[in-house]
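**Q** Compute the structure for the input listed below.
(2 chains)
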Protein chains: 2
Amino acid sequence: MDQLFADRIQDVPRSFIREILNLALQDDIISFAGGLPNRLLFPVEEIREVTNQVLSESGAEVLQYGSSEGDIGLREWISRRYLEKQGLEIPVERILITSGSQQGLDLLGKVLINAGDPVLIESPGYLGAIQAFSVYRANFHPVEVNQQGMDIAQLKQTLQVCQPKLAYTVSNFQNPSGISYSEENKRAVASALKGQKTLLIDDDPYGELRFSGKPTTPFWKLLPNQTVMLGSFSKVVVPGLRLGWIVAPQSLIDKLLIAKQASDLHTSLLPQRMMHRYLTEYSLDQHIASIIEQYGRQRDAMLKAIERYFPKQINVTRPDGGMFLWATLPAPLTAKAVFDLAVKEGVVFVPGDPFYTSPHTVRTLRLNFSCVDEATIETGIRLLGGVIKRLLDDDTAF
Amino acid sequence: MDQLFADRIQDVPRSFIREILNLALQDDIISFAGGLPNRLLFPVEEIREVTNQVLSESGAEVLQYGSSEGDIGLREWISRRYLEKQGLEIPVERILITSGSQQGLDLLGKVLINAGDPVLIESPGYLGAIQAFSVYRANFHPVEVNQQGMDIAQLKQTLQVCQPKLAYTVSNFQNPSGISYSEENKRAVASALKGQKTLLIDDDPYGELRFSGKPTTPFWKLLPNQTVMLGSFSKVVVPGLRLGWIVAPQSLIDKLLIAKQASDLHTSLLPQRMMHRYLTEYSLDQHIASIIEQYGRQRDAMLKAIERYFPKQINVTRPDGGMFLWATLPAPLTAKAVFDLAVKEGVVFVPGDPFYTSPHTVRTLRLNFSCVDEATIETGIRLLGGVIKRLLDDDTAF
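**A** You can find the predicted model right below:
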């Protein structure tokens, strides 16, 4: 069998996070490992209600095959939202509904990446994008991100070395690091890319989950005709309906539509109508406000506990939104060494390893604060701080 | 923008059937063009009921991210069904849930096909498979199918010319031709492939929709360790939930799982639980019996009308199940010429063109009987017969 596998699948590693998540499901383990939104905030009853309505009113229609572009009502809603929230005029024809934004990444890889094509990616960068583009044998060119955004010197150097076809960014509350690009940084990124043969992918699943700070100008405005936007309902409503979207220039949308047909014909109409009905009958803004309130408190609790329990040498980001923060350990500590001991103490997180496209000694770790209540955050961070201290004190550990 | 597109997407044509289906939506058009199951038979009320239950009992769980393999309950049900209906013992680990069986085709292409790899395909063959594999730049080797199944001489010749990585078959009530492989033909196909480095894909969306004749031995038994099975709930329950599955050898399943994660993380848990609950609370056999009863009557009506209204030179298949029959016109008639005139008369079908991987003059057409009632079938076939007669009589048309 093995000799039958295509080259493209040989190098894609099985997700390392899956194994951690299996650990995290055990009782008595405090998990900062998840990448999940908090299910206690899901509008379950509202969704049950609208589902009942949709199936009563148009059951046979929504259970039949549907269009590859996606439901027109939902696409119109998305178009209006861009106008209201970001002042962007997006014609509905430019919006393609996808089965989660992971499928958006897959379709972009399918339509755009030839084996060996250079792809600029943030370092650390989003694991799902690394996986999706690896399948199409992208040649990754990592550019570091810091508290301001992308390292502009590295970006310019990369543009000189190669002409990346794609530049992938999560500029709001990045997964994994929690950092956001400043207005100045975004403008510098856009100005460096302008006129180059590079498409910027602006993946924005967390943008509306802002606890502090101010929104910045969308890349779509700063870099017109060279930007693709990915959106998702996973973090603002629920992930289980698997609904995301792509906004792209028309000629790219036409190709993405062909790729979509070949990939799964279309995204199920039922969840699209459910979502549209939910968004029409309830206030998304109000719902998002309740998420922000809770995640914001949990971020504060995590930062406070870190201040109290982590040795001062540990660097952490202070995210203005989203679900993650990112810690950097001092040498000689490694994320893996801390992880191995932390599991024994009953607390897990994601070591930074899978977020890098080139192997090196990893001293970073991702801490999720969306799924853990404040008291548990305090306990977990105390345990983790203890583990780090013991390892720092213990010379023999290295 | 155009210079950015990957090679793999350049050659995949936009689906020709989509345009026909748009035509078919017009009032007063009788459509034999659809590939849809009949929505009048959808168990809408039952699905509304079970959805309500699932969301009431485990709403937050089914709206959260889920596992890439798919819901264990649904996979166990599928495993039991294979045992009950086909006497196959399929461990649940060998079953991967997909977002419709179109995604199964995409994942198989992703994991198995390098650009230029030889792929054996039926001629005529299923359009969705041609599209999915085209994306991975398969080098198609068409082998004709006839009333008995695959042309064995052509199959053997193809095996001599190349060593196809995949051989794609729809051996029950094939789409588009409606033919089924005989027991003898299946054994001859299996024996020709045995020991070769070729995986046979047995795509079986219609197998349970049998009106007449007897089931044949599954390829999984005839060609163990070399067969992959694709299944789907689209034709026996509803297509809109986008639920299919792959059964494959374990090492292939492991790779498909990685490809699945990279493609869309997982198939939504809600429709999987809805389907499982529906299958548990209601009798699928009873539901299938009602589909068979209706489709069977409609097939009979179509064959009877063809007997009455088509010129005798037109050859048609007599399917034992499924949703389609296939007509072959005498030269010099072409499917396209008939189509162009038929539209004007208010009746449409799918000309055979998109079901072939090599261009040639196409004199075949696919007629769908699942979505049209008996009276309309009579009217539509009468109109179509009239068109064909006029063209046969009209020398100037060629």
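
**Q** near chain B at all, the helix or strand containing A:Gln131?
**A** Secondary structure from DSSP states H and E places A:Gln131 in helix A:127-135. Yes. Judged by Cβ under 8 Å from any Cβ of the partner chain, helix A:127-135 and chain B are in contact via A:128, A:131-132, A:134-135. Where C-beta positions appear, they are placed from N, C-alpha and C, glycine not excepted.

**Q** Let me know the next secondary structure element after the helix or strand bottoming out on mean pLDDT in chain A.
**A** Using mean pLDDT, DSSP states H and E, the weakest-scoring helix or strand in chain A turns out to be helix A:16-24, at a mean of 69. Following helix A:16-24 in sequence order, the next helix or strand is strand A:30-31 (DSSP H and E).

**Q** Pull whatever helix or strand comes next after that following strand out as CSV, backbone CA atoms only.
**A** Helices and strands here follow DSSP H and E; after strand A:30-31, the next one along the chain is helix A:44-62. What follows is helix A:44-62, C-alpha atoms only, in CSV (Å, rounded to 0.1, in the frame of the first residue of the first chain):
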residue,chain,number,x,y,z
VAL,A,44,-27.8,26.2,22.0
GLU,A,45,-31.5,27.0,22.8
GLU,A,46,-31.6,29.7,20.2
ILE,A,47,-30.1,27.4,17.6
ARG,A,48,-32.5,24.6,18.5
GLU,A,49,-35.4,27.0,18.0
VAL,A,50,-34.2,28.3,14.6
THR,A,51,-33.4,24.8,13.4
ASN,A,52,-37.0,23.8,14.2
GLN,A,53,-38.3,26.8,12.2
VAL,A,54,-36.0,26.2,9.2
LEU,A,55,-36.9,22.5,9.0
SER,A,56,-40.6,23.2,9.5
GLU,A,57,-40.7,25.8,6.8
SER,A,58,-38.3,24.5,4.2
GLY,A,59,-37.2,21.1,5.3
ALA,A,60,-37.2,19.4,1.9
GLU,A,61,-35.3,22.3,0.3
VAL,A,62,-32.5,22.5,2.9
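
**Q** Tell me the buried residues in the host helix or strand of A:Gly385?
**A** In this structure, A:Gly385 sits in helix A:374-393 according to DSSP H and E. Applying a neighbour-count criterion of 16 or more other Cβ atoms under 10 Å in any protein chain shown, the buried positions in helix A:374-393 are A:374, A:376-388, A:391-392.

**Q** Closest to A:Asn175 out of those residues?
**A** Top of the list for closeness to A:Asn175, among the buried residues of helix A:374-393 and by Cβ to Cβ, is A:Ile377 at 18.7 Å.

**Q** thought the closest one was touching A:Ala301?
**A** Yes. The pair formed by A:Ile377 and A:Ala301 meets the contact definition of Cβ atoms under 8 Å, at 4.6 Å.

**Q** Between those two, which contacts overlap?
**A** The contact sets of A:Ile377 and A:Ala301 overlap at A:Phe369 (Cβ atoms under 8 Å, 6 or more residues apart in numbering or on different chains).

**Q** And for the nearest residue to A:Phe173 once chain neighbours are set aside, the neighbour number?
**A** Excluding the flanking residues, the one nearest A:Phe173 by Cβ to Cβ, 6 or more residues apart in numbering or on different chains is A:Gly322, at 2.7 Å. Here the neighbour count serves as a burial measure; for A:Gly322 (other Cβ atoms under 10 Å in any protein chain shown) it reads 27.

**Q** before we move on, what about A:Ile152?
**A** 16.

**Q** Check the gap between it and chain B for me.
**A** 24 Å (Cβ to the nearest Cβ, to the nearest Å).

**Q** Which residue, other than its chain neighbours, is closest to that residue?
**A** On the basis of Cβ to Cβ, 6+ apart, the spatially nearest residue to A:Ile152 that is not a chain neighbour turns out to be A:Ala188, at 4.8 Å.

**Q** what do you get for A:Leu329?
**A** A:Arg363 is the one closest to A:Leu329 (Cβ to Cβ, 6+ apart), at 4.3 Å.

**Q** Pretty sure A:Asn337 sits in a helix.
**A** Heads up, residue A:337 is Ala, not Asn. Yes. The assignment for A:Ala337, made by DSSP: H, G, I helix; E, B strand; the rest coil, places it in a helix.

**Q** right, and it touches A:Ile388 too?
**A** No. With contacts defined as Cβ under 8 Å, A:Ala337 does not count as touching A:Ile388, sitting 9.7 Å away.

**Q** what about the strands in chain A?
**A** Assigned by DSSP state E, the strands in chain A fall at A:30-31, A:95-99, A:118-123, A:139-146, A:149-150, A:166-169, A:199-203, A:227-232, A:243-247, A:315-316, A:324-328, A:347-348, A:350-351, A:364-368.

**Q** Just the mean pLDDT for the fourth one, thanks.
**A** Same thing as strand A:139-146. Taken as a whole, strand A:139-146 carries a mean pLDDT of 97.

**Q** any residue of it up close to chain B?
**A** No. Between strand A:139-146 and chain B, judged by Cβ under 8 Å from any Cβ, nothing touches; the nearest distance is 13.4 Å.

**Q** likewise the second one?
**A** Yes. Contact between strand A:95-99 and chain B is present through A:Ser99 (criterion: Cβ under 8 Å from any Cβ).

**Q** What lies in contact with that strand?
**A** Counting by Cβ under 8 Å, 6+ apart, A:69-71, A:74-75, A:78-79, A:104, A:107, A:242-248, A:253, A:256-257, A:260, A:264, A:267-268, A:272, B:99, B:264, B:268 sit against strand A:95-99.

**Q** One more pass at 7 Å, please.
**A** Counting by Cβ atoms under 7 Å, 6 or more residues apart in numbering or on different chains, the neighbours of strand A:95-99 from elsewhere in the structure are A:69-71, A:74-75, A:78-79, A:104, A:107, A:242-247, A:253, A:256-257, A:260, A:264, A:267, A:272, B:99, B:264.

**Q** picking that back up, among the residues of helix A:127-135 next to chain B, which one is most surrounded by other residues?
**A** For the residues of helix A:127-135 next to chain B, counting by other Cβ under 10 Å, the largest number of neighbours falls to A:Ala132: 28 neighbours.

**Q** My guess is A:Leu127 contacts A:Asp353. True?
**A** No. Using Cβ atoms under 7 Å, A:Leu127 and A:Asp353 do not qualify as a contacting pair, with a distance of 9.9 Å.

**Q** And stretch A:275-288, end to end?
**A** 15 Å (Cα to Cα, to the nearest Å).

**Q** need the contact list for the most centrally placed residue in chain A.
**A** For chain A, the residue whose C-alpha lies nearest the mean C-alpha position (Cα atoms, centre = their mean) is A:Asn175; its distance is 5.0 Å. With contacts defined as Cβ under 7 Å, 6+ apart, the neighbours of A:Asn175 are A:35, A:126, A:324.

**Q** Let me see the confidence value for it.
**A** According to the prediction, A:Asn175 has pLDDT 97.

**Q** What of A:Asp2?
**A** The score at A:Asp2 is 80. That number is its pLDDT.

**Q** Which residue ranges make up each domain of chain A?
**A** If the domains of chain A are taken from automatic domain parsing, they occupy A:2-42+A:286-397, A:47-281, with pieces of a single domain joined by a plus sign.
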